[in-house]
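In: Predicted structure and sequence below. I'll ask about it afterward.
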Amino acid sequence: MALRALIGGPCDDLSYVDLIAELGITMAPVMEEQGVISRGEIDPATFRENMLAEVQRLGSLVVGRSEIGAWSRMP
């Protein structure tokens, strides 16, 4: 088995933030519908920049999605 994940910090190429921000923007309508966020809480025009500013301000570690793979052999 193997597990792979995107991990980065404020000094890395912050494309990880881009991926996570795009996911948040894409899922915003569903999150609003489910009551997870308030209507308009995620502004697509500023969400990425706000998220990036918080990562840099806090010196955060960003963990993106994980992918798990498994394989086997037949006897």
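Out: Arrived safely.

In: Report the spatially nearest residue to the residue nearest the centre of the chain, omitting neighbours in sequence.
Out: Nearest residue to the geometric centre of the chain (CA atoms, centre = their mean): Ile20, 2.3 Å. Leaving aside its sequence neighbours, Ile20 sits nearest to Gly64 (CB to CB, 6 or more residues apart in numbering; 6.0 Å). Placement of C-beta: from N, CA and C, glycine included.

In: How far off centre is the helix or strand that contains that neighbour?
Out: For Gly64, the enclosing helix or strand under DSSP states H and E is strand 62-69. Distance of strand 62-69 from the chain centroid (CA atoms, centre = their mean, to the nearest Å) equals 10 Å.

In: Just want the angle from the lowest-mean-pLDDT helix or strand in the chain to strand 62-69.
Out: None of the helices or strands of the chain scores lower by mean pLDDT, DSSP states H and E than strand 2-8, at a mean of 76. Interaxial angle, strand 2-8 versus strand 62-69 (axes from the mean of the first three to the mean of the last three CA atoms, to 10 degrees): 170 degrees.
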